[in-house]
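Visitor: could you look at this predicted model? Sequence included:
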Amino acid sequence: MHRRALLILGTLLLAAGLSLLFAGMTGSMSLSLADLPSALGEVMQGRASTLTATLLNLRLGRASSAFVTGGALALAGVMMQALLRNPLADPYVLGISGGAAVGALAALLFMCAAWVVDVAAFGGAVIVSALLYVLARRDLRGGVAVESGASMLLLTGVILSSGCMALVSLMLSVAPDGRLRSMIFWMIGDLSGAQVRWLPWLVLGGALLFSLRAARAINVLAMHADAATTLGIPLGALRQGLFFCSGLLTASAVTSAGSIGFVGLIVPHACRFALGPDYRLLLPATTLVGGTFLMLADTLARTVLAPQQLPVGVLTALVGVPVFLMQLHHVRRK
């Protein structure tokens, strides 16, 4: 099992690296393999004096933002499905993305600076997360049965999400035409304005470290939920940890790139179908696959109609719908 896991993760890591190079070479102006070593050397030295190095630096920065966003969404999806014990759960199911959307669209409506939009989106997500925790803290602390607690948490999140979407619809209906396009692009999910930041990487690394340390307990929660406490699992602490990590991952991803759908839903299912249900392998594998998937989708979004760029959320939905239907078909056949 250990050797198999290392082989799988090594293969996925190699695929992620090759996808990063492919994203850097591909665009409205392609870069050749012959120019790649010198341009890559300039980028690594922190200087981009030539056009090739400048293009590569810009593309690699956007691709790295796509990777950390996709990895965060996929990891949040796995953790949310484990927390709610619901295979249809995704990072947006608890309304955290709705809170981010309210904050971001309010900032866009009042023509605030880009950094204010990011702060408003993150603040909206944090406020909804805190409100959700206050309303469902008894369920998260293990005060009720696992199935009942998950159902109540899910129901509370759906209600909060509906309220946030009502506010979003109100802002879209009163927004001037000049601001409506940017607001809709943010809602769909777009990486064209994403900037390289360290905070999303720190959030992803911290959440992944927590999930790997708790992977054995998550396995017990998934297979023997009602008996988890008698088996020595601190159920309340595990629930709260999964909730906070998935919420923080979702807030970080939505702040960086808007509401990109289907990554947190189809990637965990695909990895579980291909690799099995063991969370010790599933958690890091899903993170790598989610990051690679969104990186390739964003490369396609900015090249398929170049120089015009498509919102990456459109492509993830177009790919996600048939892939998810195929997965459901395979599950029903089994």
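Guide: Arrived safely. Because the structure is a prediction, the values reported are computed rather than measured.
Visitor: Leu191: what secondary structure?
Guide: Using DSSP: H, G, I helix; E, B strand; the rest coil as the criterion, the local structure at Leu191 reads coil.
Visitor: so it touches Met295, yeah?
Guide: No: counting by Cβ atoms under 8 Å, Leu191 stays clear of Met295, with 9.5 Å between them. Placement of C-beta: from N, CA and C, glycine included.
Visitor: between the two, which contacts overlap?
Guide: Taking Cβ atoms under 8 Å, 6 or more residues apart in numbering as the contact criterion, the residues that touch both Leu191 and Met295 are Ala66.
Visitor: tell me the helices in the stretch 1-150 of the chain, going along the chain?
Guide: 2-25, 36-44, 51-84, 96-109, 114-140, 146-174 (DSSP state H, counting those that start in this stretch).
Visitor: pull the residues that contact the second one.
Guide: So the one you mean is helix 36-44. Where contact means Cβ under 8 Å, 6+ apart, the residues beyond helix 36-44 that reach it are 21, 24-25, 31, 48-50, 52-53, 55-57, 60.
Visitor: quick test: name the residue nearest the centre of the chain.
Guide: What sits nearest the mean C-alpha location of the chain, by Cα atoms, centre = their mean, is Leu73, with 1.5 Å.
Visitor: give me the pLDDT for that residue.
Guide: Per-residue pLDDT puts Leu73 at 94.
Visitor: mind listing what Ala120 touches?
Guide: Residues in contact with Ala120 (Cβ under 8 Å, 6+ apart) are Gly103, Ala104, Ala106, Ala107, Cys112.
Visitor: wait, the residue nearest to the centre of the chain sits on Ala253?
Guide: Yes: the pair formed by Leu73 and Ala253 meets the contact definition of Cβ under 8 Å, at 4.9 Å.
Visitor: list residues touching both of these two?
Guide: Where contact means Cβ under 8 Å, 6+ apart, the residues bridging Leu73 and Ala253 through contact with each are Pro91, Ile260.
Visitor: tell me which other helices or strands the helix or strand where Gly178 lies touches.
Guide: If you go by DSSP states H and E, Gly178 is part of helix 177-188. With contacts defined as 3 or more Cβ pairs under 8 Å, 6 or more residues apart in numbering; DSSP states H and E, helix 177-188 has these neighbours: helix 96-109, helix 146-174.
Visitor: one more pass at 10 Å, please.
Guide: Under the contact criterion of 3 or more Cβ pairs under 10 Å, 6 or more residues apart in numbering; DSSP states H and E, helix 177-188 touches helix 96-109, helix 114-140, helix 146-174, helix 312-333.
Visitor: CA atoms only for the shortest one - export them in CSV, please.
Guide: The reference is to helix 96-109. Below are the C-alpha coordinates for helix 96-109, written out as CSV (Å, rounded to 0.1, in the frame of the first residue of the first chain):
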residue,chain,number,x,y,z
ILE,A,96,-19.7,30.1,2.2
SER,A,97,-19.2,31.0,-1.4
GLY,A,98,-22.5,32.9,-1.3
GLY,A,99,-21.2,35.1,1.5
ALA,A,100,-18.0,35.7,-0.6
ALA,A,101,-20.2,36.6,-3.6
VAL,A,102,-22.2,39.1,-1.6
GLY,A,103,-19.0,40.8,-0.4
ALA,A,104,-17.2,40.8,-3.7
LEU,A,105,-20.2,42.0,-5.8
ALA,A,106,-20.9,44.8,-3.3
ALA,A,107,-17.3,46.0,-3.7
LEU,A,108,-17.6,45.7,-7.5
LEU,A,109,-20.9,47.6,-7.4
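Visitor: that helix vs helix 146-174, what angle?
Guide: The directions of helix 96-109 and helix 146-174 differ by 20 degrees, with axes from the mean of the first three to the mean of the last three Cα atoms, to 10 degrees as the criterion.
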